[in-house]
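Colleague: Sequence first, predicted coordinates after that:
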Amino acid sequence: MNTYEIIKELAKEKKLSIRQLEIDFGYSNGYLSKWKNNTPNADELSRLADYFNVSVDYLLGREEKTPLAEKHGVFAFDGEPVSDEEVEFLKSVLAAKRATEKK
């Protein structure tokens with residue numbers, strides 16, 4: 001799978017069209033489709049990797065997608081597996097707590 005196909009799959013998981021993703025990132029129409037045959041620059045890969053919570057290597061097809069729970073060492077809560085959405089929620093709660101503590 002090439003970078004474009006990986007991004008298309010990730011966008012689909014977020015219920016986004018490629019065009020909407022291009023709009024959200026300020027890209028021109030068809031910008032991402034050029035990545036079918038060309039490798040994007042590091043800055044663009046990094047922005048999209050951060051947005052989708054994956055590594056640049058994943059976008060380049062060099063590694064498998066690692067669930068966020070595994071990346072952050074949170075595997076279960078109350079006997080149930082922790083989803084990527086729950087990991088994102090936990091990160092936002094911790095960020096808010098830390099911001100409050102700094103004041």
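Modeller: Yep, that arrived.
Colleague: Excluding chain neighbours, what is closest to the residue nearest the centre of the chain?
Modeller: Most central in the chain under Cα atoms, centre = their mean is residue 52, positioned 1.0 Å from the mean C-alpha point. In this structure, residue 52 finds its nearest non-sequential neighbour in residue 10, 4.6 Å apart by Cβ to Cβ, 6 or more residues apart in numbering. The C-beta positions use only the backbone N, C-alpha and C, and glycine is treated the same way.
Colleague: these two touch, right, that neighbour and residue 54?
Modeller: Yes: Residue 10 is within contact range of residue 54, at 7.0 Å (criterion: Cβ atoms under 8 Å).
Colleague: and the residue nearest to residue 52, what element?
Modeller: Element membership for residue 10 (DSSP states H and E) is helix 3-13.
Colleague: which SS state does residue 16 fall under?
Modeller: coil (DSSP: H, G, I helix; E, B strand; the rest coil).
Colleague: Give me the local confidence score for it.
Modeller: The per-residue pLDDT reported for residue 16 equals 93.
Colleague: need the contact list for it.
Modeller: Each residue near residue 16 by Cβ atoms under 8 Å, 6 or more residues apart in numbering is listed here: residue 24.
Colleague: what about it, distance to residue 58?
Modeller: 17 Å (Cβ to Cβ, to the nearest Å).
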